[in-house]
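> Predicted structure and sequence below. I'll ask about it afterward.
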Amino acid sequence: MDGVPDMTQLGIQPGDSFTYKFVAEPAGTMWYHCHVNVNEHVATRGMWGPFIIDPIKPTPIEREVTGDYILMFSEWASAWADKLGQGGMPGDVFDYFTINGKSFPETQPIRVKEGDVIRLRMFGAGGGFHSIHIHGHVFQITFKDGHPLPAPINADTVLVGPGERYDIILRCDNPGRWMIHDHIDHHTMNGHTPHGGVMTLIEYEGIPRDQPWYHWAHKEFVPDFYYEQSLKKPHGIYPNPVFKGVPVS
């Protein structure tokens, strides 16, 4: 049940429905996305989401994890934001870059405490590459496209391409406040304004965050921005309000 219209099945007509049934395997970090008008619906409209299949027997390193987070990287061209049926074509200029549908400073810190072992599930959900760098830590790249690597790779930067997924394991052993950002420079801008796009950070417990110059000093913390709460719940579907947009008429 691959679901590609006019390739593996008839397209689902407006008002109709189709129930897909399949065995949830293999385990790993997967995702789902639209296969109709992909250039617009996926690249511009964000018709995608994470699809996580838990293993029956976790690997030893998975059993160490104390916190699980999903980061879906994407980009869009604001020229087509309010023009349905357009955009997502060769030559488009992407000028906004996002984590889970939000650009900095509307992203959110990842809050940890010393001794935590966190798993960051990174997705290339758009049409571009994202070179993700984490300050202050060396992490291990442990899974590629949901599959465990025979030998984890020590790194501080990982290049995530379209459709790719990388799981990294980060040991929280360096208390402080540490940036996570895209090392493709223009991916850290909102339009023509710097300090935006694919940027967030790791906040350790006990590090003061009330400085008046700090972006998140007085901003309300949004639970489940990285699906960290949903991933703790029983198996099921968990819509995330972070992705809720404004209808285009």
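Thanks, I have the structure now.
> Could you pull up the contacting residues of the most centrally placed residue in the chain?
With distances taken as Cα atoms, centre = their mean, the residue of the chain nearest its centroid is Met72 (1.5 Å). Residues in contact with Met72 (Cβ atoms under 8 Å, 6 or more residues apart in numbering) are Trp31, Trp48, Gly49, Pro50, Ile99, Asn100, Gly101, Phe123, Ala125. Quick note: C-beta positions are derived from backbone N, CA and C, even for glycine.
> Quick check: Ile99 touching Phe73?
Yes: the pair Ile99 and Phe73 passes the contact test of Cβ atoms under 8 Å, sitting 6.3 Å apart.
> So these two - more neighbours on which side?
Ile99 (30 against 25; other Cβ atoms under 10 Å).
> Report the beta-bridge partners for that one.
Phe73, Lys102 (DSSP bridges).
> Tell me the most packed of the contacts of Met72, by neighbour count.
Neighbour max across these (other Cβ under 10 Å) = Ile99, 30 neighbours.
> distance of that residue from Ile237?
Distance, Ile99 to Ile237, by Cβ to Cβ, to the nearest Å: 21 Å.
> can you pull the pLDDT of Thr98?
Each residue has a pLDDT score; the one for Thr98 is 95.
> how close does it get to Gly197?
7 Å.
> Comparing the two, which residue is more hemmed in?
Between Thr98 and Gly197, counting by other Cβ under 10 Å, Gly197 is the more crowded of the two (29 against 23).
> so how many other residues sit close to His235?
For His235, using other Cβ under 10 Å, the count is 9.
> Which strand residues bridge Ile168?
Leu120, Ile141.
> Mind checking what helix or strand follows the helix or strand of the chain with the lowest mean pLDDT in sequence?
Each helix and strand of the chain was given a mean pLDDT (mean pLDDT, DSSP states H and E); the minimum falls on helix 38-41 at a mean of 84. For helix 38-41, the following helix or strand on the C-terminal side (DSSP states H and E) is strand 48-53.
> For that following strand, which strands pair with it and how are they oriented?
Assessed with DSSP bridges, strand 48-53 is paired to strand 28-33 (antiparallel).
> how many neighbours does Tyr214 have?
14.
> What of Phe94?
By other Cβ under 10 Å, the residues close to Phe94 number 19.
> Ok, Ile70 next?
25.
> In this structure it contacts Ile110, no?
No: using Cβ under 8 Å, Ile70 makes no contact with Ile110, being 11.1 Å away.
> what residues are shared contacts of those two?
Tyr226.
> Kindly confirm my reading that Glu203 forms part of a strand.
Yes: Glu203 forms part of a strand when assessed by DSSP: H, G, I helix; E, B strand; the rest coil.
> where does the chain dip in pLDDT?
For the chain, the stretches with pLDDT under 70 are 249.
> re earlier: who touches both of Ile99 and Phe73?
Common neighbours of Ile99 and Phe73 (Cβ under 8 Å, 6+ apart) are Val198.
> neighbours around Tyr105, how many?
That one is not Tyr; residue 105 is Pro. Counted by other Cβ under 10 Å, the residues lying close to Pro105 total 14.
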